[in-house]
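Q: this one's structure only:
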C-alpha cells in the first residue's frame with residue numbers, strides 16, 4: 001500500500017464522485033477507479049459502494065477513512081519535520097566581530113567549522129563593540145565577538161580570550177629601544193587614546209591602570225578605531241596601549257613592547273541571545289569553547 005492510494009481514497013470519499021475526484025487529483029477517471037480497486041483488494045474489504053447514480057462509503061470504508069486521514073497526516077508531519085531539520089542543518093550563522101576575533105579567534109575556529117560542519121554557512125560582519133549588542137537584539141547577527149560591557153539581560157556572554165595590553169611606540173621613540181617598558185617611563189608621555197564611544201572596556205582598563213599607578217595621561221590624539229590608532233603611532237605622534245593581538249597588525253614604523261610588572265588585561269567576549277537555539281550557532285559555540293584559549 002502506498003501513500004498515493006490513501007490520498008486517492010480520501011479525495012474520492014470527500015467528493016463521493018469519481019469524476020470530480022479525478023479532476024482534483026489531475027488523473028484520468030479510469031486510472032483512479034483502478035487505484036481504488038487495487039486498494040480494496042489489498043485491504044481485503046469493499047470500501048466504497050458504487051452505482052450509476054452515487055458513490056457511498058461502506059461501514060468498513062468509514063473506519064478506513066478515519067485511519068487513513070491520521071496516517072496521511074502523520075506522514076505529512078514526518079516530511080515537514082525532516083525538511084525543517086535539513087534547513088536548520090544548512091542555515092547560516094552570522095557573526096559580528098571586532099578585530100581581536102579576526103586575528104586571534106577566527107584563524108583557528110573557522111577552518112574547524114568548515115571541516116566539521118560543512119553545511120553551516122558563515123557570514124562575517126565587522127562591527128564596533130558599541131553596535132553589536134543592538135545588532136544581536138535586532139536579530140541582525142547570531143553571535144558577537146565584542147568587548148564588555150554587555151547590558152541586556154536577554155544576552156548570554158562568555159569570555160573566550162584574555163590578553164594583556166602592550167605598548168605600541170613609534171620606531172624612533174627612545175623607549176622603543178627597551179625590551180620592556182617601565183611603568184614610570186609612561187608618565188606624561190604623548191598618548192594616543194582610544195575613543196571610549198567605540199572601544200568598549202578598553203578605555204576604562206587604561207584609565208584604571210594609569211590611576212592605579214599614579215601616572216599622568218598626556219592625550220594628544222583620540223582614535224576611533226584600531227587602524228587609526230596604529231597609523232597615528234606610526235606617524236610618530238605618540239604611543240598607545242592596546243591589546244596584544246595588535247602586534248600582528250603593526251608595521252615597520254611601530255615597535256611593540258610588553259609592560260613591566262602586572263600589565264592591564266582585557267577580555268574578548270562571545271555573546272548571543274539566550275533564546276537563540278539555532279543548531280548552527282550551537283556548533284559554533286561548541287568549537288569556540290573547545291579551542292579558544294585565554295592568554
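A: All right, it came through fine. Every value quoted in this text rests on a predicted model; they were computed, and no experiment measured them.

Q: how close does residue 70 get to residue 6?
A: Residue 70 sits at a distance of 10 Å from residue 6 (criterion: Cβ to Cβ, to the nearest Å). All C-beta spots, glycine's among them, are computed from the backbone N, C-alpha and C.

Q: who has more neighbours, the two?
A: residue 6 (19 against 9; other Cβ atoms under 10 Å).

Q: phi, psi of that one?
A: The phi/psi pair for residue 6 (degrees, to the nearest 10) reads phi -70, psi -40.

Q: ok, it touching residue 71?
A: Yes: contact status for residue 6 versus residue 71: in contact at 6.2 Å, counting by Cβ atoms under 8 Å.

Q: after the helix or strand of the chain with the lowest mean pLDDT comes which helix or strand?
A: Lowest on mean pLDDT, DSSP states H and E among the helices and strands of the chain sits helix 59-89, with a mean of 80. Per DSSP states H and E, helix 59-89 leads on to strand 92-97 as the next helix or strand towards the C-terminus.

Q: who does that next one touch, helix- and strand-wise?
A: Applying 3 or more Cβ pairs under 8 Å, 6 or more residues apart in numbering; DSSP states H and E, one finds that strand 92-97 makes contact with strand 121-126, helix 129-137, strand 143-146, helix 279-291.

Q: flag every buried residue along stretch 240-247.
A: 240, 241, 242, 243, 244, 245, 246, 247 (16 or more other Cβ atoms under 10 Å).

Q: what does the pLDDT read for the first one?
A: What that stands for is residue 240. Predicted confidence (pLDDT) for residue 240: 97.

Q: in a helix, it, correct?
A: No: counting by DSSP: H, G, I helix; E, B strand; the rest coil, residue 240 falls outside a helix, being strand.

Q: how is the protein carved up into domains?
A: Taking automatic domain parsing as the reference, the chain has its domains at 3-88, 92-153+275-291, 161-266.

Q: centre of the chain versus the shortest one, how much separation?
A: To tie it back to what came earlier, the one meant is domain 92-153+275-291. Counting by Cα atoms, centre = their mean, to the nearest Å, domain 92-153+275-291 is centred 5 Å from the centre of its parent chain.
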